[in-house]
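Peer 1: Build the 3D model from these lines:
(2 chains)
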Amino acid sequence: MSETKKLTYAKLGQNFIIVGIVFSALGILLGWLQGINATSKAWKEMYDLPWFILIIGIGFVIYGFMKWRTYKEDKTAFVDLSSKGLKKFLLNNGIILALIAMVIGIMMMEHRFIQLKVLRDILAQASPRMIIALGICFTLLIAGTDLSACRMVGLAAVISASMMQNPEYANRFFPNLPQLPVIVPVILAIFACMLFGLLNGFLVAKFDMHPFIATLAVQVIIYGVCSLYFDLPPNNSQPIGGIRKDFAALGQKKLFTEYLPDKIGGIPILIPIALVFIVIIWFILNKTVFGKNVYAIGGNREAAIVSGINVPATIVCIFVLASALYGVGGVLEAARTAGATNNYGVGYELDAIAACVVGGVSLNGGVGKVSGIIVGVLIFTIIQYGLQFIGINAMWQQVIKGIIIAIAVAIDLSKYRRK
Amino acid sequence: MGEYVLEMKEISKVFPGVKALDHVTLKVRPGSVHALMGENGAGKSTLMKCLFGIYREDGGEIILDGKKVNIANSKMALELGVSMIHQELHPISYRPVMENIWLGRFPMKWFAVDHKEMYRKTKELFAKIDLDINPSALAGTLSASQLQLVEIAKAVSYDSKIIIMDEPTSSLTDNEVAHLFRIIRQLKSEGRAIIYISHKMEEILKISDEVTIMRDGQWVGTWPSSELTTDLIISRMVGRDLTNRFPPKNYETSTEPILEVKDLSASNPRSFRNVSFQLFKGEILGIGGLVGAQRTELVEALFGLRGIASGQILVHGKEYLAKSVADAKKNKIGLLTEERRATGIFPQLSITDNTVIASQSNFAKGGVLDDKLRKKRATEENKKLNTKTPTMETLIQDLSGGNQQKVLLARWLLTEPEILILDEPTRGIDVGAKYEIYTIMQQLASQGKAIIMISSEMPELLGMSDRIMVMSDGKVAGILQKEEASQTEVMRLATLYL
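Peer 2: Residues are numbered from 1 along each chain as shown, chains lettered A, B, ... in the order given. Coordinates of the predicted model:
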């Protein structure tokens, strides 16, 4: 490693800030030009490109400042610019780089993709999945899994929707139910999920059952229970409709509509909701005793026991917390679609696991970050949205999705393989 | 064939940030035992992994039987006549012993595995090296030492010219070591060469013909073992004269008992029985005994990890029910376990996280951690113990064994224990770090802490303990004062109930 190929964090930060400012300026300039030439077709075809460039520029500046702060704390930190260092960088960030390449590719194929609206829709679509993935990551972190996530989503959707119908709707689930405040069914639905989460945790902690089989059993039970509830007369397994506006707003409301330009048209409430949960989960994992215990149990269970960590209690808490998040996901799904059936949520657990793993959460436990999970979920949503956008049919989408999971995980694992 | 069966010339290997091997040379004669010595991290295992095809060397050449070879993987190494007995064994627990031995080269009859033939061949193999193990027994039912001997049998079965043994005696009793040495001499007489890695000086001097010493990835030299002594080997390994392997005692032991154990028996009837002893403030109580004497089981029971059927434990004269680790911590007891990797470290967590994990509630308010305080206390404690680490955010798996052990010690010291139980505190640690850990133990004793130390290394047991409790087959065979303790006396007691 020769001296010339090292770049200190101070320099790195500086460079990023400079590039960021250049990008921002370029974005503003382009935007101004676009404004002047509003009638020109070529300029119109650019859509929101100036905005994107500006956002990237601001992102670079923030990243640069962060690196610069790291330098203040640890003056020896540096980036290795030799070919080995570059290779490592490519491996470590391969997934994100592939994502960026894909986005640029789609943008070139279909200019309409370069719109802030598209970005907004992708984030909104990613939000419920994010909450479910954040729940399932806890179970993955202790080298477990949770197959019951999907059915918990369905259960929460059905319970909350069943109590949130318009009084004048003909096919009411509970014909004589008074108008409840929105919070009541939401709490009930989440609480029902937490009960089953408790069952999951109990089976795993008390009987040392593998989470795969324990949550599989619970998954089947939940589906049965949910279907029984769904089949109660007078509903008799009819899809639940006629959802109240105030409940649907939980998943459909758009914020700041009047303050934002038309081309964005309001921020779906799902995005800030997901953000709140991201912050909460990040805090739990990084700043609380419970979070540290989760990593410890996943990293070395025996050592955790010897260190005096209450392993069974932590496991129970993990499954209950995870199920609460699935419950939130289910309620939001019901609100977003203004309806529910007992088949809501099918396949969500596998999507969530795949997103976590693509985001670097190890199935062997003990490794995983919230930032990785965010990237994982976004990748999946962008793939789905992007492929639909350029008109690739649903069957091919499945094939591509599968291939991407395999490649992403292969790249991720090669980080750890040393020879 | 030339003078040497194996020549490794100028071997180099670089890991990210570390020069693991720096132009190392190793020449092994046929029909000899060649010992490879060095502190942990000196590069012995790395060199052997290059020979066995687990790592690829970055420079240098390997010459087998006068021919330059390129060993790409372990399969090739085996085909070339090199086999290796690893430091850590990974048997397939739920398959018979014989399948573990012949895995990958099962005797076949048409398209099916010929189990009869496999059984016969295994019997034959075991008879050859005088091993009394049922080939059909499941590998998981064997003891660690039996597994080690099976592993050796497996190496013999490859009919290798060179057999690498990496710490083969770490889990063997003295009798089994003697057995192993008989096997080694037999292999020698058949013209095979044995590369023998071990930290145990006495063993090396007894069995080896030549000794190669490595330090910091470099070749220090090769000498006939007849020219070497324990002190010479140590000084060449560490590059300095270690006049004393143990720091001088500088503390007074009180007569105030802090822990009293009365007639304690385990729930498992085959484990320890009727154990009684006292532990005084500011003393180091050594527990000696052979493998299987139930020493680890005893201290784990004291720490609340194992069931107790009868008997009493008093801490400061008050009854203590060792039901859980939480109980133990409440009574200010700490335990550094024997298996650092299996029950000690959290490999993917940072030094800070590893240090504070057992005392997290001290750094949290309402479950929320105080990051600054955590880091500060972890840094202080590790500084006191002289842990060498680039940063506190470094993952513990990137440290050497000795430094990992210091982090674990720091972990327990942060819980402010009055009774510290150390189970084989220096196992697999190099000489320099050992001395540091001994010094720390004496410091703690001088601060009035009571230490229980299990050790299977006789010199350590005799050198460090104020009193030695010797266990034999689950019972206390005797408690020796420092003055009356000797190697022979400890051995006599250790075999008392066998």
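Peer 1: where's B:Tyr196 relative to A:Ser237, distance?
Peer 2: Distance, B:Tyr196 to A:Ser237, by C-beta to C-beta, to the nearest Å: 74 Å. Glycine gets a C-beta too; all of them are placed from N, C-alpha and C.
Peer 1: Which one of those two is surrounded by more residues?
Peer 2: More crowded of B:Tyr196 and A:Ser237, by other C-beta atoms under 10 Å in any protein chain shown: B:Tyr196, with 23 against 10.
Peer 1: Let me know the secondary structure of the more buried one.
Peer 2: Three-state call for B:Tyr196 (DSSP: H, G, I helix; E, B strand; the rest coil): strand.
Peer 1: Tell me how many other residues crowd B:His90.
Peer 2: Using other C-beta under 10 Å: B:His90 sits among 9 other residues.
Peer 1: quick one, phi psi at it?
Peer 2: With angles defined as degrees, to the nearest 10, B:His90 sits at phi -130, psi 70.
Peer 1: swap in B:Tyr320?
Peer 2: phi -130, psi 120.
Peer 1: I'd say it and B:Gly304 touch.
Peer 2: No. Using C-beta atoms under 8 Å, B:Tyr320 makes no contact with B:Gly304, being 9.3 Å away.
Peer 1: what residues do the two have in common as contacts?
Peer 2: Applying C-beta atoms under 8 Å, 6 or more residues apart in numbering or on different chains, one finds that B:Tyr320 and B:Gly304 are jointly contacted by B:Asp327.
Peer 1: So between these two, which is more surrounded?
Peer 2: The neighbour count for B:Tyr320 versus B:Gly304, taken as other C-beta under 10 Å, is higher for B:Gly304 (24 against 20).
Peer 1: any idea which helix or strand comes after the lowest-mean-pLDDT helix or strand in chain B?
Peer 2: When each helix and strand of chain B is scored by mean pLDDT, DSSP states H and E, helix B:230-238 comes last, with a mean of 78. Counting by DSSP states H and E, the next helix or strand C-terminal to helix B:230-238 is strand B:257-266.
Peer 1: how about that next one: buried residues?
Peer 2: Residues B:Pro257, B:Ile258, B:Leu259, B:Glu260, B:Val261, B:Leu264, B:Ser265, B:Ala266 are the ones in strand B:257-266 that count as buried (16 or more other C-beta atoms under 10 Å in any protein chain shown).
Peer 1: and if you look at stretch A:211-224?
Peer 2: For stretch A:211-224, the neighbour count (16+ other C-beta under 10 Å) marks A:Pro211, A:Ala214, A:Thr215, A:Ala217, A:Val218, A:Gln219, A:Ile222, A:Tyr223 as buried.
Peer 1: how near is the residue positioned nearest the centre of chain A to A:Ala322?
Peer 2: By C-alpha atoms, centre = their mean, chain A has its centre lying nearest to A:Met130, at 2.2 Å. A:Met130 sits 14 Å away from A:Ala322, going by C-beta to C-beta.
Peer 1: shared neighbours of these two, which are they?
Peer 2: Joint contacts of A:Met130 and A:Ala322 (C-beta under 8 Å, 6+ apart) do not exist.
Peer 1: Next to chain B, which bits of the stretch 301-419 of chain A? Give me the list.
Peer 2: A:302-310, A:366-367, A:418-419 (C-beta under 8 Å from any C-beta of the partner chain).
Peer 1: What residues does the residue nearest to A:Tyr47 when sequence neighbours are not counted make contact with?
Peer 2: Distance criterion C-beta to C-beta, 6 or more residues apart in numbering or on different chains; nearest residue to A:Tyr47, sequence neighbours excluded, is A:Ile114 at 4.2 Å. Residues in contact with A:Ile114, defined by C-beta under 8 Å, 6+ apart, are A:Met46, A:Tyr47, A:Asp48, A:Leu49, A:Phe52, A:Met107.
Peer 1: Now a ChimeraX select for only the buried ones of those residues.
Peer 2: Filtering the contacts of A:Ile114 down to the buried ones (16+ other C-beta under 10 Å) takes a single ChimeraX command:
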select /A:46,47,48,49,52,107
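Peer 1: Specify which member of the buried residues of stretch A:211-224 is nearest to chain B.
Peer 2: Nearest to chain B out of the buried residues of stretch A:211-224 is A:Pro211 (C-beta to the nearest C-beta; 19.6 Å).
Peer 1: which residues touch the closest residue to that closest one other than its chain neighbours?
Peer 2: Spatial nearest neighbour of A:Pro211, excluding adjacent residues (C-beta to C-beta, 6+ apart): A:Gly144 at 3.3 Å. Neighbouring residues of A:Gly144 by C-beta under 8 Å, 6+ apart: A:Val204, A:His210, A:Pro211, A:Phe212, A:Gly365.
Peer 1: SS state for A:Gly144?
Peer 2: Applying three-state DSSP: A:Gly144 is coil.
Peer 1: in stretch B:64-81, what counts as buried?
Peer 2: So, applying 16+ other C-beta under 10 Å, buried residues of stretch B:64-81: B:Leu64, B:Asp65, B:Val69, B:Ile71, B:Ala77, B:Leu78, B:Leu80, B:Gly81.
Peer 1: ok, those residues vs chain A, which is closest?
Peer 2: Among the buried residues of stretch B:64-81, B:Ile71 lies closest to chain A (C-beta to the nearest C-beta), at 13.0 Å.
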